[in-house]
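Asks: Coordinates only, no sequence provided:
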């Protein structure tokens, strides 16, 4: 859900004059489908890494590593959404 909010707020902000700071996302902003695919790949990679962290020996020494990784990703993505919302508010859109 946070990734969907990130895509929507990013597209609206950029289309209204904001600048995307992520160079990878910036390169594909002209193609919303590519942006969605990139986000899906990112989500799949995070899910794989979290799954790997809870099924490997890491879980024996750090039982909450997978949950920490997921919380970190959600926190960073939420920060991006909040930043986008503030940018939209400053533009008078939100």
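Replies: Nice, thanks for sending it over. As the structure is a prediction and not an experimental result, all values here were calculated from the model.
Asks: what's the burial count for the nearest residue to residue 9 once chain neighbours are set aside?
Replies: Nearest non-adjacent residue to residue 9, counting by C-beta to C-beta, 6 or more residues apart in numbering: residue 84, 3.5 Å away. Just so you know, the C-beta spots here come from the backbone N, C-alpha and C atoms, and that holds for glycine as well. The number of residues packed near residue 84 is 23, by other C-beta atoms under 10 Å.
Asks: does residue 84 sit in a helix, a strand or a coil?
Replies: On the three-state scheme (DSSP: H, G, I helix; E, B strand; the rest coil), residue 84 is labelled helix.
Asks: Residue 52 versus residue 66, what's the distance?
Replies: Distance, residue 66 to residue 52, by C-beta to C-beta, to the nearest Å: 8 Å.
Asks: about what we covered before: okay, the residue nearest to residue 9: pLDDT?
Replies: Predicted confidence (pLDDT) for residue 84: 92.
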